[in-house]
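*Asks:* All I have is the shape, not the residue letters:
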């Protein structure tokens with residue numbers, strides 16, 4: 001956890017300032033010569049692992065997806081180190097003991113993605129990100145290494161990223177309309193005692209990060225479940241005895257995942273444990289499906305459908321986490 005954040009009695013919150021700063025991360029990261037060098041290392045090997053802890057592990061999961069690599073928890077990577085290839089470690093402040101231990105234990109070449117490039121870490125190559133997160137609930141600390149991984153992946157494939165396009169992606173959740181939308185989502189959640197986030201595919205890292213932000217921000221239990229996994233055992237714990245809770249179904253573009261999301265969400269609702277459901281929708285999806293969900297659910301639970309973002313479009317999910325934290329803080333005193 002960061003030692004620097006200031007405690008504020010009211011807005012502007014440090015977390016909010018960090019979220020608004022996200023689009024500014026793009027230019028310096030895309031211009032990084034170290035990102036290009038990292039790509040050259042990756043081209044020379046078949047084994048690439050991305051590792052981290054907490055928020056940095058979630059960023060590592062997203063980075064691994066972008067790079068076609070494998071992600072590992074840093075503690076496990078330190079106990080069972082890889083023998084060759086490249087290990088990319090993510091540590092926002094370059095001080096996480098397990099992540100540093102993973103780099104020390106491995107025989108692979110080591111790359112560190114961090115906002116503290118001056119730290120003594122033993123990494124052979126450091127890809128610096130431009131802004132240190134000033135909030136205890138890291139958002140820039142999540143987005144920055146994902147942008148860095150995207151920059152490295154672009155060099156690996158030879159397909160350059162558009163700086164303007166990437167800035168627009170990161171700013172997509174920060175417009176006035178998007179902010180109103182995330183605040184509306186947060187406003188319906190007052191009084192929940194648990195949050196369940198269902199996701200599949202590339203939405204899994206952001207689903208995990210959303211659950212983490214809620215737990216560390218307002219100390220409400222939050223859990224991420226894979227779409228199909230929810231139906232196998234975990235469903236038994238969602239009956240009417242557990243009180244009010246929320247399920248967020250993250251965006252699922254693939255037809256199979258979308259169907260699984262509907263089945264999982266519906267099963268939990270039928271078990272009687274949910275009264276509020278936020279269902280992520282892709283932009284072009286049929287409006288009648290949303291209306292159908294609302295009509296089917298209005299007697300048993302409330303459905304709120306919003307167009308979601310991928311793990312790279314983190315303005316929206318970070319804004320949602322911020323709004324949710326503020327709303328639940330108010331509800332829980």
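*Replies:* Yep, that arrived. Treat the numbers as computed from the prediction; the structure is a model and nothing was measured. Numbering: from 1, shown residues only.

*Asks:* is it true that residue 51 lies in a helix?
*Replies:* No. If the criterion is DSSP: H, G, I helix; E, B strand; the rest coil, then residue 51 is strand and not within a helix.

*Asks:* if I pick it, what's in contact with it?
*Replies:* By C-beta atoms under 8 Å, 6 or more residues apart in numbering, the contact list for residue 51 reads 57, 60, 71-74, 77, 87-90, 99, 102. C-beta: built from backbone N, CA, C; applies to glycine.

*Asks:* Show me the protein divided up by domain.
*Replies:* 14-169, 176-331 (automatic domain parsing).

*Asks:* comparing those, which gets the lowest mean pLDDT score?
*Replies:* Here the lowest mean pLDDT among the domains of the chain goes to domain 176-331, at a mean of 63.

*Asks:* Residue 141 against residue 94, yeah?
*Replies:* No. Using C-beta atoms under 8 Å, residue 141 is not in contact with residue 94, being 11.5 Å away.

*Asks:* Of the contacts of residue 51, which is the most crowded?
*Replies:* residue 90 (35 neighbours; other C-beta atoms under 10 Å).

*Asks:* contacting residues for that one?
*Replies:* The contact partners of residue 90, taken as C-beta under 8 Å, 6+ apart, are 50-52, 56-57, 59-60, 63, 99, 112-114, 145.

*Asks:* excluding its backbone neighbours, what's nearest it?
*Replies:* Beyond its immediate neighbours in the sequence, the residue positioned closest to residue 90 (C-beta to C-beta, 6 or more residues apart in numbering) is residue 52, lying 3.7 Å away.

*Asks:* what's the burial count for that neighbour?
*Replies:* For residue 52, using other C-beta under 10 Å, the count is 28.

*Asks:* number of nearby residues for residue 160?
*Replies:* 10.

*Asks:* List the buried residues for stretch 205-225?
*Replies:* Within stretch 205-225, the residues that qualify as buried by neighbour count (16 or more other C-beta atoms under 10 Å) are 205-214, 216-218, 220, 222-225.

*Asks:* cool, stretch 139-159 as well?
*Replies:* In stretch 139-159, counting by 16+ other C-beta under 10 Å, buried: 139-156.

*Asks:* thinking again about what came up before, among the contacts of residue 51, which lie within helices?
*Replies:* Among these, the residues falling in helices (DSSP state H) are 57, 60, 74, 77, 99, 102.

*Asks:* any idea how far the nearest residue to the first one once chain neighbours are set aside is from residue 195?
*Replies:* If the residues on either side of it in the chain are set aside, residue 57 comes closest to residue 73, at 5.9 Å by C-beta to C-beta, 6+ apart. According to C-beta to C-beta, to the nearest Å, residue 73 stands 22 Å off from residue 195.

*Asks:* Residue 160 too?
*Replies:* Separation of residue 160 from residue 195 (C-beta to C-beta): 38 Å.

*Asks:* again with residue 17
*Replies:* For residue 17, the distance to residue 195 - C-beta to C-beta - is 24 Å.

*Asks:* neighbour-wise, which of the two wins?
*Replies:* residue 195 (23 against 16).

*Asks:* The more buried one reaches residue 220, doesn't it?
*Replies:* Yes. Under the criterion of C-beta under 8 Å, residue 195 makes contact with residue 220 at 6.4 Å.

*Asks:* tell me, what's touching these two both at once?
*Replies:* residue 214.

*Asks:* thinking again about what came up before, just the ones of the buried residues of stretch 205-225 in strands?
*Replies:* 222-225 (DSSP state E).

*Asks:* tell me which of these is nearest to residue 235?
*Replies:* Distance to residue 235, by C-beta to C-beta, is smallest for residue 225 among these, at 9.6 Å.

*Asks:* how close does the closest one get to residue 187?
*Replies:* 24 Å.

*Asks:* can you pull out the strands in this structure?
*Replies:* For the chain, strands defined by DSSP E occupy the ranges 48-52, 70-73, 86-90, 109-114, 125-128, 195-199, 222-226, 246-249, 276-280, 302-306.

*Asks:* Tell me how far the spatially closest residue to residue 207 that is not a sequence neighbour lies from residue 8.
*Replies:* Setting aside the residues directly before and after it, residue 207 is nearest to residue 199 in space (C-beta to C-beta, 6+ apart), at 3.4 Å. Distance, residue 199 to residue 8, by C-beta to C-beta: 31 Å.

*Asks:* Could you do residue 82 as well?
*Replies:* For residue 82, the distance to residue 8 - C-beta to C-beta - is 42 Å.
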